[in-house]
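>>> Structural data only, the sequence is not supplied:
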């Protein structure tokens with residue numbers, strides 16, 4: 001993994017990006033009243049999020065707080081993508097729930 005640090009970091013970016021995209025697909029499905037599809041997209045997003053988090057964890061374990069891994073702009077960018085994807089997942093799950101409650105109350 002550490003042999004090609006840039007490729008490893010790109011795994012975080014790609015998986016985090018897919019997480020975020022699927023979350024917004026879930027939001028659109030909920031807006032359209034398709035809660036089965038919304039939940040399916042959120043579950044799929046979780047798979048990509050876990051994949052990104054696994055790579056992040058490997059990088060952290062390799063570094064072990066000793067500065068073995070050089071900090072690059074692409075690493076900061078990857079962390080930013082992952083944090084935004086996680087936040088999107090949490091907020092959109094709440095929004096899906098709100099859409100579902102709103103429809104049930106109608």
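Received the coordinates, thanks. Model, not experiment: these values are computed from the prediction.
>>> from what I can see residue 48 touches residue 12, true?
No: the criterion here is Cβ atoms under 8 Å, and residue 48 misses it with residue 12 at 10.5 Å. Every residue, glycine included, has its C-beta placed from N, CA and C.
>>> Could you check which of those two has the larger neighbour count?
residue 12 (25 against 21; other Cβ atoms under 10 Å).
>>> What residues does that one make contact with?
Residues in contact with residue 12, defined by Cβ atoms under 8 Å, 6 or more residues apart in numbering, are 52, 55, 56, 78, 79, 81, 82.
>>> Dihedrals phi and psi, residue 71?
phi -80, psi 120 (degrees, to the nearest 10).
>>> Next: residue 32.
Main-chain torsions, residue 32, degrees, to the nearest 10: phi -80, psi 0.
>>> other SSEs contacting the lengthiest helix in the chain?
In the chain, taking DSSP state H as the definition, the longest helix is helix 73-105. If contacts are counted by 3 or more Cβ pairs under 8 Å, 6 or more residues apart in numbering; DSSP states H and E, helix 73-105 sits against helix 5-31, helix 35-63.
>>> Buried deepest among the ones you listed, which one?
Across these, averaging neighbours per residue (mean count of other Cβ atoms under 10 Å) puts helix 5-31 on top, at a mean of 19.
>>> Helix 73-105 and that helix, what's the angle between them?
Counting by axes from the mean of the first three to the mean of the last three Cα atoms, to 10 degrees, helix 5-31 lies at 10 degrees to helix 73-105.
>>> For helix 5-31, the averaged confidence score.
The pLDDT scores in helix 5-31 average 96.
>>> Report the distance from that helix to the chain centre.
Centroid separation for helix 5-31 versus its chain: 5 Å, with Cα atoms, centre = their mean, to the nearest Å.
>>> Please find the angle between the direction vectors of that helix and helix 35-63.
Using the same axes, to 10 degrees, helix 5-31 lies at 160 degrees relative to helix 35-63.
>>> how far does the longest helix of the chain sit from the chain's center?
8 Å.
>>> Can you list the buried residues in it?
In terms of neighbour count (16 or more other Cβ atoms under 10 Å), helix 73-105 has its buried residues at 75, 78-79, 81-82, 85-86, 88-89, 92-93, 95-96, 99.
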